[in-house]
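Asks: Here is a sequence together with a model predicted from it:
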Amino acid sequence: MIELVASFLMFIGSVFVFSAALGLLRMPDPISRLQTGTKATTLGAGLILSGLAVLHPERAVQYVLIIAFVFISNPISSHALARAGLKTGRTEGDVPEGERPEERAQ
Amino acid sequence: MTALPVSTVLMVTGFGLVLLGYSAILIHRNILKMVIGFSLVDSGIAIIVVALGYVQGGTAPILDADTTAATVFVDPINAALAVTAIVIGFAVTAITLAYAIRLYRLHGTLNVDAFTESRE
Amino acid sequence: MSALHLHPLGIYLFGLGGGFLLPILYQVGKRWLHAGFVVAMLGMTLCAVVPALSVLQSGETIEITTAGALPPVSINLRFGPWEAAVSASATLAAAMLAISFWQTIRTKYVPLLLFLIATMGVNGLIQTRDLFNLFVFLEILSVGTYGLLALSTSRAGVQAAFKYITATMVASALVLLGAVLLYKATGHLNIDLLIEAAPPLAAPIAGTALAMVLAGFLIEMKPYPAGGWGLDVYETAPPPLAAFLSVVGSAGLIFALGKLLPLYDQALGLLTVGAALTFLASNLAGLRQQNVFRLLGYSSIGQMALLLIALAVLTDIGANEVAPYVLFGLFVNHLLAKAGLFCLAGALRARRVDQPLSLAAKPALALLLGVFVVAIAGLPPFPGFWAKWELILQLAEAQRPVLIGVILIGSLFEAAYLFRWFFRALGPAEKSESEEADDALTLQDVLPPVGFAIFLAIGGAAGAMASGALTISTVLPLLAGAALLLAEPLPGRIKAVAMLAIVAAGSLLLPRPEGIAGLFGPVLLAGGLVIAFAGMAWPGPRRGHYPWVAVLLLSIQSLLAAPTGLAFYTAWEFVTLASAFLIARREAARGEALRFLIFSLAAAFCLMAGFAMIAADAGTRSIYAIIALGSGDGLGVALLVTGFLIKAAAIGVHVWQPGAYAEATDDVTALLSAVVSKAAIFGLLLTGYLVLRSQMEVEFGRTLAWIGMATTIAGALLALRQAETKRLLAYSSMSQLGYIVTAIGLMGHLGWVTALYLVASHMLVKGILFLAVAGVAHRTGSSLLADAGGLLRAMPVTAAMVAVALLSMSGLPPLMGFGSKWLLLAAMMEKGWAELAIAGAIATFLGLWYMVRLFTALFLGPPAAGGARGEASPALLLPQVLLVGGILVLSFFPKLLMEPVSAAIDPEFAATLVWQGQSLETIYGLWDPTPMMLSALVAVAVLTLLWWTAVRDRRVVPTARAALVSASPLPPALMPPLAITFWRGVTAGTNRVADTVRRIYTGNAQTYVLLTLLYFLAVAVALPLIPAR
Amino acid sequence: MTGRTVHLGLSALALAGLAFAFSRLVGAHVEPTALGQLAAGYIRLSPEELSVPNVVTGILLAYRSFDTLGEVAVLYMVAASLGPLLQPMDNPVASETPRLSENAGEIIHSGHFALLPLIGVFGAYVILFGHLSAGGGFQGGAIIATGIEFYMIARVASAINVKAFSALESGVGVLFVAVGVFGLVFAGGFLDPRFLPAGELGHFVSGGAIPLVSLLLGIKVAAELSVVLERFRG
Amino acid sequence: MLDIFIIVICAAILLGGVLAVVLSDVLMASVSAGAAGLFASLAFLLLGAPDVAMAEAAIGSGLGIFIFLYALKKAGYPGKSDR
C-alpha cells in the first residue's frame, strides 16, 4: 500500500518535471520558459521527494527539509534569472520563425 | 542489457570530454573558450579517474550499518585523487581566467592571435 | 625530536607555515612581514642544507614518513645523498635569488608567500616518493609560478604568462592522467613499488600511462619543438624570477624525471635523442637571438637538455661511479652560473645582445660576468668543465661519437653566443651621465651574483679535486692571476715587474717536464718573459693585462708538463681564455677576439673529442702511456691533428689569426705569435709520437707535410699583399708555422730536429719583428706600410734588429734561419719528397720577398710625412736586443740547441727509425750541401747587387721602393679569398638553419598547446618502439 | 591564411592521435571485480586504525593528508595571486563595466535570510560528518562558499572583507600545519591524526583529529573560495 | 538499470561538452560546460563516489560557473564572438 502511494506520488512528480522539460524546450521566450521551468519543477520535485519520504519514513525529516529548501530556492533563483534578463534586456524570444506555438496554431 | 561495463561507458565519456576540451583549446581563438576547454579537460579527467576506480557492483567506500563482508566497494584511492584533482583544476582555471581578464584589459580583445608579441 | 635538530621536514613546516603566516604578519606591519619571510626562508634553507651536509657525510638516507604509516599506505619522502645535494643547492640558490628579488617583491606579501611555497614545492618534487604527490608538488610549483608571473605587467609579459599556463596545464594534465592510469595498471602510486613492478612499456594501459608521465615532465622542461612558451617567460619575467624558473624550478623537474627514470629503462635511447635535439636546436636558435633574456632562456633549456643527455646516457651505459660527479657537476654549474647571469643581466638592465654596457669600465662586474659566461660555456676551472670532460670520455668509451659531436657542436654554439654578448657588453654604452647614475647598482643587485661566483669557484675546486686535476699545475696559473688581480690598483710598471717575478718564480714551482717538453719549457718561458718585459713600454695601468699574461705564461708551462689528457686540456683552455681576454682588452679587437675564441674552442673541442676516443681505445688517460701504447683510433688522431692545425693557423682554418694578431695590443701579438702558437706545435709533435707508434705513419706524414707547405706558400703570398705591418707579420707567422708543420710531417729524426730548431728560431724572430713594428707604430702613429718610410736614420737600432730578424728568417746565411731551412730541405730530399722541396724553395723565396718589402717600406726611401721622433723606447728595444742575442748565439753555436734536441728526440726514434746511433754530423755528411749553399750565395749576391745599384741611382730608388712595397705577387683574380668565403658561407648557413629552427615558435598560445600535444603523441608512439638494448 | 590551415590540419591530426591513444586505453580497460591490494588495505585500515568509516576521508585527511596539505597550498596560492592579478592595471586598453550598485531586489534579499542558514547548516554538516558519511572539509567548504556567493548576489553592493577572510585562511592554515606538527610530536609522524583518541567507530567524536582537520580544512577552503569569488566579483 | 542511467547521463555529459565547444556564445558555452560537470557529479553519485560528486557539484560546476560569469563580465561580455 505504502509503495503504491509512493509510486503514485513519484509518478505525478515525474510528469510535472517532464512537462517542465518540455516547456523549457518549446516555450518561445525566456520569461515563459522560466515560468514553466520553475513552477512545474518545484511541484514535481516536491512530489517526488514526498514519495520518497513515504517510502522511507525513517528519513522523512530530511526529505521535508529538502522540500523546504527546494521550495525556497527555486522561486528565488528563477526570480533572479528573470530579473537579470529584464535588466540586460534579454526577454525577446529566440525560437526560429515557423516554430513558434502561435504560428503553429494558425 | 548492454554489453559494455559501466566504467567503460564512463571512461569513454571522460576521454570524450577531454578530446572535446582539447578541440576547443585548439580551434577556438577566443581565449575564454580556450579556458572553457581546459575546464572540460579537467572534468573529463575527474570522470576518468572515478571510472578507473569503479569495481563491478561496487558501492561507496563508506562503512555503515549494512556493510557486510560481501559488500564490494569502489576504490577509495581514486575518489581521493579525484577530489584533489577537481580542487586543483578549479584553482588553475581561476588563475587562467584571471590572466584572460588581464589580457583583455591590456589589449581590448580576447583573440589569441593578438597575443604574439614575443616569439622565435 | 629536539628543537635544535634540523630535519628536512622543516622545509615544509617553514615553507607552508611561513607562507600561511605572511598575510597575517602583513596586516600586523611591514616589518613583521619582512622578518617573517626572512625567518621562513632562512629556516627552509637551513633545514635543507644542514641535514644535507650530515647525509652527504654519513651517506645515510633520511626517510620521512607522513601520517604515521608506512610507505605504500602513506606518502613518504626521501632525503638521501642525491636528494640532499640537489635540495640543498636548489634551496640555497632560491634563498640567494630572494635577495636579488627583494626590491621587486618586498612591498607585497603575495609574491613573498608564493616564492616561499614554490621553493618548498621544488623540494617536494625532489623528495617525494609518491607519484600523485609528485603531481601535487608539480602543481604547487606551477601555480606559484603563475602567481609570480603576475609581476610582469607588460603586454608581452602577460601574454607570456598565459602561454606558459596553457602549455603547463597540458603537461600537468598528462602527468595526472598518467599517474592515475599507472595506479590502475599496477596498483601502486609509490614510486619504489612502481619501479619494482616494472610496468611494461608496450602494454596498452601502462605503456600509455608511462608515455603520459614522461611526456608531461619532458614538456615541463621545455623541449624543442614544444618549449617556446618557456622562452617567452624567460624573456619577459623579472630576471630573478626567470632565474628561479631556470635553475630552481628546473632542478626540481629534472630530479623528478630522474627518479622516475628506472621506469624507462627501455626508453633511454628515446630520451637521449629528444634531449640531444633540444640541446642542439636551442643552442642553434640562441645564435640568432637578440634579446638577452631569451638568449639566456635558450641557453638554460640547452643546459637542462645536456643534463638530461648525461642522465640518460650514463644510466644507459651503467657508469654509476662517475654519474654523481658528472651530473652534479653539470647541474651545479648551470644552477650557479645561470642564476648569476640572470641576476647580473637584470641588475645591468641588459636588454639586447648587441647593446654595450660599459663593462670594460667596471672591471669587477666584467669579471663577474666573465666568470659566469666561462662557466656556462663549460670552460675551466668551473664545475661544468670537469663534468663535461668526464662525460665526453665516458661517451667515447661507450662508442657514441655522434653524441659527442652533438654535445660539442651545441656547446660551441652556446659559447659563441654567450661570448658575443660578453664582448659586446664590454663596450662603452651610449648613455648620459644621469642615466648612468640611475643605473647605480645596489647591494641587493651585486650580492647574489658575487655569492654565485664564489660558490662556482668552490664548486670548480671541488670538481678539480674529484677529477684529480687539483694539482699545482692547474692552480698556480690561477693563483698568480688572482694575486695580480689584487694588485691591480698599483701603477702599471710595478705590476709588470711583479708579473715577471711571479711568472719566473712560479715556473720554478711547476713540475719540470722531460723530453721535448723539457726543451719547449725553458725556451718558451725565456721567450715569454723577454717579450712580456716589453709591456714596460706601456706606462698606463693596463687593467686586466698583467693577470692574464701571468695566467698565459704559466699555463703554457703547465701544458708542457701535463701528464694526463685532462691536465693538458685544462691548461690548453686556460691559454685560450687568457689569449682571448688579452686580445679583447682593446675595444677595436673584440670582434677578432670573438672569432679567435670560437676557432680556438672549436680546436679545443676537436682535441677533447679526439683525446677521448684515443683514451677510450687505449684504456688509459695518461698522455705518455697512450703514446707508448700507440692507439689505432684513426678518427681520434684526425681530430687531434685538426684541433692543433686550427690553432697553428693552417691553410683554410687560418682566418682567425691575421685579424686577431693585427688588432691585439702589440706586445700581446708578439706573445701570441712567438710563444702561444708553439703550444699547437707541441701538441702536433705529441700526436706525431702517437702516430709513430701506430701503423698510419706514412700517409699521415705526407698529408701533414703538404698541409704545412700549402700554409707556408699561402701565408707568404697573403703577407705580400698586406698594407699593414702587423697583418703582414701575422701572415708571415702563419707561413712560418706552416714550415714547422711541414717539418713535423716529415716524421723523421731530421724533420723533427728541424721543427724544434724552427720553433726556437720563429719565436726569436717574431718576437723581434712584432716588437720592432710596435716601436715604429708608436713613433709614427700608423701601422700602414704606406705611412712609413726612411726610418733608417731615425730608428737605427730598430732597423738593425729588423735586419737581423730578416736575415735569420728568410733563410739567408749565416744566421740560424739558414740552418733551419737547410735542414728542412735536407730532410725532404732524404724522404724523396722532391716536389715538396721545390715548393719549399719557392716559399723561401716568397718569404725573402715580403721581408725585404717590409724592411724597405719601413726604413728606406724618403722619410714619410708623419716622420719619426726618434728611436723606440728602451722597454721595447731591450727585449729585441736579447732576442737578437739569442739568434746570434744559436746561429754560431747551433750545437747548443741541436744536441739537446737530438737527445730529446732520439729515444723516440730508437725503435722505429734507421737513424739509430747516427749523430747529426753524420747526417749532414750524408747529403752534399754544396749546390744549395752555392745557389743561395748566388741569389744573395744578385739581390745585393740589385739593391746596391738601386741605392746608387737616386732616381731609381723611389720607384723601385714603391714598386716593391705595392707589388702583388699574383693578380688578385688568382688569389680568391677562398677561406673567408667558405667560412662566411658556413656562418650564413648556420644562421639560416638557426632562423628556420626558431620559426616554429610563432608566439601563439594555440600553436604551443598543439606542439605540446604533438610532442606527447610522438613520445607515445616512439616509447614502445624503442627496442630493448 | 595558410598558417591557419596548417594549424587546423595539425590540430585534427593531434586530436585524432589522442583519440587513438584513448581508444587503446578504453579497449584495454577491464572492469575489475575486486579491489586491489592497496585499496583493500585502506578499507581495512581506515576503520581499524583511524576509526573512520568513510575511507575516502580517511585517505584524504590522514594517509594522504600530505597531498591535501599541498592541495590547500595550491588553492591558497591561487586565492592570494588573484589579488594582484585582478587589480586594475596601470595601462589598460579596455575599460571595466562598473560594478552594479543597486540591490538585487526584494525577493532575493529576503530569500537569502531564509536560505543562508540552510546552506550554512548543510555545509557544516558535510564538514563535520565527513568522517562518517560522504563529505569532508573540501566539499563542505565549497558548499559554504556557495552560500557566500549567494550572499554576494543578494547584497550586490556589499563587499566581502577580503582582509578578514585571508587572515582567517592564513590563521587556519597555520593551525593546519600545527596539527601536523602535533601528529609528529605526539603520534606516529607528520600529519598523523591519532594524537587525539580514536573514539568508537561511527560516533561523532571519533577518528582522532580527523574531524578537527576536517573543520580546519572546511573553514580554510570556504575562506579561500570566497576570496577567489570576491576577487572575481570585485 | 544502472547501465541505462549511466548511458543517459553520459550522453548528457557529452552533449554538454559538445555544446560547450560548438556554441559560439561564450556564456552559453560556459553554462554548458557547467552542465556537463553537473551531470558528471550525478554519474559519480551513481558509481559509488559521493565524495567526488559533492566536490564536483560544488566546486567544478557550481563555483566554476560563477567565476566564469564574473570573468565574462570583466572581459566585456557580450562582445564580439571569435567566429
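Replies: Noted; the coordinates are in hand. No experiment lies behind these values; they were computed from the predicted model shown.
Asks: what's near enough to touch residue A:2?
Replies: A:54, A:55 (CB atoms under 8 Å, 6 or more residues apart in numbering or on different chains). The C-beta positions use only the backbone N, C-alpha and C, and glycine is treated the same way.
Asks: Please tell me how far it sits from residue B:66.
Replies: 20 Å (CB to CB, to the nearest Å).
Asks: Find the residue at the geometric middle of chain A.
Replies: Closest to where the C-alpha atoms of chain A average out (CA atoms, centre = their mean) is residue A:41, at 1.7 Å.
Asks: Look up the closest residue to that one, ignoring the ones flanking it.
Replies: Among residues not flanking residue A:41 along the chain, residue A:20 sits closest, at 4.6 Å (CB to CB, 6 or more residues apart in numbering or on different chains).
Asks: pretty sure the one you found is in contact with residue A:44, am I right?
Replies: Yes: assessed by CB atoms under 8 Å, residue A:20 is found in contact with residue A:44 at 6.3 Å.
Asks: returning to that earlier point: let me know whether the residue nearest to the centre of chain A touches residue A:17 as I believe.
Replies: Yes: between residue A:41 and residue A:17 there is a contact under CB under 8 Å: 5.8 Å.
Asks: Just give the number of residues close to the residue in chain B that chain A sits nearest to.
Replies: Closest residue of chain B to chain A, CB to the nearest CB: residue B:65 (11.9 Å). Counted with other CB atoms under 10 Å in any protein chain shown, residues neighbouring residue B:65 total 6.
Asks: now it: how far from residue C:691?
Replies: Separation of residue B:65 from residue C:691 (CB to CB): 90 Å.
Asks: for residue D:151, same thing?
Replies: 88 Å.
Asks: neighbour-wise, which of those two wins?
Replies: For residue D:151 and residue C:691, the more surrounded residue by other CB under 10 Å is residue C:691, and the numbers stand at 24 against 16.
Asks: In this structure that one contacts residue C:638, no?
Replies: No: in this structure, residue C:691 is not within contact of residue C:638 by CB under 8 Å, at 10.5 Å.
Asks: Name the residues contacting each of the two.
Replies: By CB under 8 Å, 6+ apart, no residue touches both residue C:691 and residue C:638.
Asks: Within range of chain D, give me the residues from chain A.
Replies: A:65, A:68, A:69, A:72, A:73, A:75, A:76, A:79, A:80, A:83 (CB under 8 Å from any CB of the partner chain).
Asks: helix/strand/coil for the residue of chain B closest to chain A?
Replies: What DSSP: H, G, I helix; E, B strand; the rest coil gives for residue B:65 is coil.
Asks: what about it, distance to residue D:212?
Replies: Using CB to CB, we find residue B:65 at a distance of 25 Å from residue D:212.
Asks: okay but residue C:639 is in contact with residue C:604, surely?
Replies: No: using CB under 8 Å as the test, residue C:639 is too far from residue C:604 to be in contact (11.1 Å).
Asks: neighbour-wise, which of the two wins?
Replies: A direct count of neighbours by other CB under 10 Å for residue C:639 and residue C:604 places residue C:639 higher, at 26 against 23.
Asks: for that one, what are its contacts?
Replies: Neighbouring residues of residue C:639 by CB under 8 Å, 6+ apart: C:606, C:607, C:609, C:610, C:613.
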